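Peer 1: this is a predicted model, with the sequence first.
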Amino acid sequence: MLAESPRYQRPQHQPKKSVDRYVRGEDHGGMAAYLYDRPVTEHEYRQRIRRHRPSSLLPLIAAAAARYSTPQRPQPWLESPYLKCTPWALADAARVCLAYGTEYHRSDATERDLLEILAAYSSLKDPTLHGTDEPTVRLRDFMMRLGGEQMAWQAPEFVSLARTAALYLHTPFPAHRLPRHMAPGWDTEVFGCPLPDYVGTAQLLWGCALFNAGRFDPAIFDGTDGEKFNRVVSRETVLRVVQRHFATDVANVKATEHLTMESLARVAGGKASQLRRFTYNPLLGRPAVTGFGPGLLCPSPQLVWRKATPAGICHTGREHFGTGFLQETGYLFEEYVGRQLRLIPDAEVIGEITYRVKRNELLSVDWIVILDDLVLLVEVKSMMPTENARLGLEGGVAETDAKLTRAYRQVKTTSAQIDQRNPAFARIPADRPRQALIVTLEPFPIANANLPHVDLPVPAIPTTVVGAQEIERLVTLTDITPSALLLERAADPQRSTWALNECLTGHEGGRNPILDQGWASYPWASGRLDQGQGPRESPPRPRRALGIT
């Protein structure tokens, strides 16, 4: 779900709301929503934040982010005043507050000030939407920015965290590959503890932030439940991991922001200021800030658990080992997708086929799934949207399409070999419909939309780019078979351009045992809080799992 582009005008019949109702959020659609009836510049937005002391504004941001990011209900920000407390807007306000704010000669912030800041954010000027390019190009670039800005915040917490263990702990490294970095003990080398305890630390930090207005105080270990917490993940481990991977201070945020803006200026030129909010937020790498009262303040609690998702692990592993870690993650991800595909009832799943064309030895797509009414070619790419893609400029489009091009070509050549009855593909039926899925580690929200691409091959068969979560949902459908859903989608000219997730919405699915196994490996799900009790049958809510009331 993408929030609408906010170009609001107050209806003539709209009454003004009193300040107290405005602050309490009793009315939705009032003053804050119509505060700006024009585009807001980056400079104006930044100066609106700079009116206030960070020591006053940042705790308000953290409290609002905690209040409207609880995982106990989907998209909780929809219940916020005037729909303004979106997690992406709050995270950006925190970023600007830390990177550009000052304590000197500034006022204290109120709840009303925060709402006005968020209203300014929602009216920020888009750098190219009203430019001179073709309308479809402008729409494509705009949608790439919105997707990069918003979609990562809407990933389900349980699924994303469970995938980490399912991928890095429970998926065997391919037998024909020799790991250079992911040898036994790699996780302790990178994180300073085993991966489950790293994720457990992130869960504890996240849970405390959610239920304490964004704050984590190590004194929690000195309270009545301190021994329980210490038994799950030791105090020493938590404090060491938090300091090593999560904590930062204002000076480091400012330094990281400076480097980011220097890099952006080289890429975007005169458009740099309006593109800033789509670039790397320093809080993504270090989401817990010191210097704002006791313990740590997490201005955006969602950024805490995102550190423990596969994308977060990838970035941390790359910082430690280099790009080789990303390559080895790719090998694991190929195997992981195969594990998911084998969950489809009555499906025959065949791995990569080696075949010859004249003197050349070639490889097919990574997986071929044979179903009664469909042959599914699956090519796996451990790719994630880069900053260039999130900026929505032509260079980012070209970069994304270039990465997808090899996958499209693999699909095309594999499909052709099946049609030509190459002996290596004798097991693959040639007499039934054929489709392809290109599976990426992180979603590319508009990859399937009918919008301009840069030198992307035309697919030979219906081909859909999907993220890991879409595969995890597809293989557990219970009210329709995966093949029936894919065939219906391909036959509809409109739905065939949607993200697969949109077509999955409304369908029923069972639990994914691979994700359940991943979740059960974490300390908060293992029963350590209640010694002698085995893993719970279903993933607990953070409040119950962390014992926080």
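Peer 2: Nice, I can see it. Numbers count the residues shown, from 1 in each chain.

Peer 1: going forward, measure contacts between C-alpha atoms and count neighbours the same way
Peer 2: OK.

Peer 1: list the buried residues in stretch 223-238.
Peer 2: E227, K228, F229, N230, V232, V233, S234, R235, T237, V238 (16 or more other CA atoms under 10 Å).

Peer 1: start to end distance for it?
Peer 2: Using CA to CA, to the nearest Å, one end of stretch 223-238 lies 16 Å from the other.

Peer 1: can you offset everything so residue one is 15?
Peer 2: In the new count, where the first residue is 15, that last one comes out as stretch 237-252.

Peer 1: and that stretch, how far out from the chain's middle?
Peer 2: With CA atoms, centre = their mean, to the nearest Å as the basis, the distance from the averaged C-alpha position of stretch 237-252 to the chain average is 29 Å.

Peer 1: for the helix or strand where L298 lies, the averaged confidence score.
Peer 2: Under the criterion DSSP states H and E, the helix or strand holding L298 is helix 296-299. Taken as a whole, helix 296-299 has an average pLDDT of 97.

Peer 1: run the chain-centre distance for that helix.
Peer 2: In this view, helix 296-299 has its centroid 13 Å away from the chain centroid, taken as CA atoms, centre = their mean.

Peer 1: now for that helix, which elements pack on it?
Peer 2: helix 101-114, helix 264-282, helix 316-320 (3 or more CA pairs under 8 Å, 6 or more residues apart in numbering; DSSP states H and E).

Peer 1: please state the offset of the helix or strand that it is followed by from the chain centre?
Peer 2: Next helix or strand after helix 296-299 toward the C-terminus (DSSP H and E): strand 302-303. Chain-centre distance of strand 302-303: 20 Å, with CA atoms, centre = their mean.

Peer 1: please name every helix or strand in contact with strand 302-303.
Peer 2: Counting contacts by 3+ CA pairs under 8 Å, 6+ apart, strand 302-303 packs against strand 261-262, strand 310-311.

Peer 1: give the pairing partners of the first one; include direction for each.
Peer 2: Going back to what we said before, that points to strand 261-262. Sheet pairing here is set by DSSP bridges, and for strand 261-262 it gives strand 302-303 (parallel).

Peer 1: coming back round to it: return the most buried member of the helices and strands packed on strand 302-303.
Peer 2: Of all the helices and strands packed on strand 302-303, strand 310-311 has the most neighbours on average by mean count of other CA atoms under 10 Å, namely a mean of 26.

Peer 1: show residues contacting that one.
Peer 2: When contacts are taken as CA atoms under 8 Å, 6 or more residues apart in numbering, the neighbours of strand 310-311 outside the stretch itself are P73, A76, A223, G228, R229, F230, D231, A261, A302, V303, T304.

Peer 1: possible to save these as JSON lines with distance to R177 and pLDDT?
Peer 2: Putting the contacts of strand 310-311 into JSON lines (distance: CA to CA, whole Å; pLDDT from 0 to 100) gives the following:
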{"residue": "P73", "distance to R177": "31", "pLDDT": "98"}
{"residue": "A76", "distance to R177": "27", "pLDDT": "97"}
{"residue": "A223", "distance to R177": "22", "pLDDT": "96"}
{"residue": "G228", "distance to R177": "25", "pLDDT": "96"}
{"residue": "R229", "distance to R177": "26", "pLDDT": "97"}
{"residue": "F230", "distance to R177": "25", "pLDDT": "96"}
{"residue": "D231", "distance to R177": "28", "pLDDT": "94"}
{"residue": "A261", "distance to R177": "24", "pLDDT": "98"}
{"residue": "A302", "distance to R177": "23", "pLDDT": "98"}
{"residue": "V303", "distance to R177": "27", "pLDDT": "98"}
{"residue": "T304", "distance to R177": "30", "pLDDT": "97"}
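
Peer 1: between those, which is closest to P90?
Peer 2: For the contacts of strand 310-311, the minimum distance to P90 (CA to CA) is 15.0 Å, reached by A76.

Peer 1: contacting residues around the closest one?
Peer 2: Shown in contact with A76 (CA under 8 Å, 6+ apart): A227, G228, R229, L311, C312, P313, S314, P315.

Peer 1: do that again at 6 Å, thanks
Peer 2: When contacts are counted by CA atoms under 6 Å, 6 or more residues apart in numbering, A76 is found next to G228, P313, S314.

Peer 1: which among these end up buried?
Peer 2: Restricting the contacts of A76 to buried positions leaves G228, P313, S314, with burial counted as 16+ other CA under 10 Å.

Peer 1: which ones among the buried residues of stretch 237-252 map onto helices?
Peer 2: Counting by DSSP state H, the buried residues of stretch 237-252 place E241, K242, F243, N244, V246, R249, T251, V252 in helices.

Peer 1: how does the protein divide up, domain by domain?
Peer 2: Per the record's domain assignment (automatic domain parsing), the chain is made up of the domains 33-136, 190-332, 344-518.

Peer 1: look up how far G326 lies from L112.
Peer 2: Look at L112 and G326: by CA to CA, they are 22 Å apart.

Peer 1: out of these two, which sits in the more crowded spot?
Peer 2: In this view L112 and G326 are compared by other CA atoms under 10 Å, and L112 has more residues nearby, 27 against 18.
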